[in-house]
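In: got a predicted structure here, sequence first:
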Amino acid sequence: MTTKLQTKLQGTLNKQIATWSVLYIKLHNYHWYVKGNQFFTLHVKFQELYEEATLHVDEIAERLLAIGGEPIATMAEYLKQSSVQEATGSESAVEMVDSIVADFTLVASELKEGMEEAQSAGDETTGDMLLAIHSGLEKHIWMLKAFNGKQV
């Protein structure tokens, strides 16, 4: 891996760490504050998603360390680099699901870019890791859109 390509890929991985860390907190917020007739379904789903987010953070950070990078590890850095915003605290259940769909769609496109960077850098392992996360997101996006009755 060349230094320039390696540095770019490390930056991409750190952005993913930041984004998934903010998503972890956002999903926790939604888990705690969801209300309405879909409470039981969404309460469980948001927990499933924040538990998955923490696994992604750990996997990406460990991969970053393996390729010589330094994972960011503070809330200030997460908020600065994240592609997604925190929950506002005023979302309805439908708005929560729509927000997660939008966030996951954004992250999926960033993961595709990261896969291309990994390929250019000759880093098949990182590319495979990002592809696995992307595949899971595509399924979540489809299911969450269906839950809210949105066209896929």
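Out: Okay, I see it.

In: rest of the way, CA atoms for contacts and neighbours
Out: Noted.

In: just want the most central residue of this structure.
Out: Residue closest to the mean C-alpha point of the chain, counted by C-alpha atoms, centre = their mean, is residue 20 at 4.0 Å.

In: over to that one: give its phi and psi.
Out: phi -70, psi -30 (degrees, to the nearest 10).

In: who are the contact partners of it?
Out: Residues near residue 20 by C-alpha atoms under 8 Å, 6 or more residues apart in numbering: 53-54, 56-57, 82.

In: right, and residue 77 touches residue 19 too?
Out: No: here residue 77 does not reach residue 19: they are 10.2 Å apart, not a contact under C-alpha atoms under 8 Å.

In: buried residues in the helix or strand containing residue 145?
Out: Under the criterion of DSSP states H and E, residue 145 resides in helix 124-147. Going by neighbour count (16 or more other C-alpha atoms under 10 Å), the buried part of helix 124-147 is 126-127, 129-131, 133-134, 137, 140-141, 144-145.

In: out of the contacts of residue 20, which are inside helices?
Out: Of the contacts of residue 20, the ones assigned to helices by DSSP state H are 53-54, 56-57.

In: ok, these vs residue 8, which is closest?
Out: Closest to residue 8 out of those is residue 57 (18.3 Å), distances taken as C-alpha to C-alpha.

In: report the separation between the closest one and residue 147.
Out: Here the criterion is C-alpha to C-alpha, to the nearest Å. By it, residue 57 lies 26 Å from residue 147.

In: do residue 14 as well
Out: 31 Å.

In: also residue 28?
Out: Distance from residue 28 to residue 147, by C-alpha to C-alpha: 19 Å.

In: just residue 30 next, same as before
Out: For residue 30, the distance to residue 147 (C-alpha to C-alpha) stands at 16 Å.

In: and residue 43, by the same measure?
Out: 14 Å.

In: how many residues are close by residue 37?
Out: Around residue 37 there are 9 other residues, counting by other C-alpha atoms under 10 Å.
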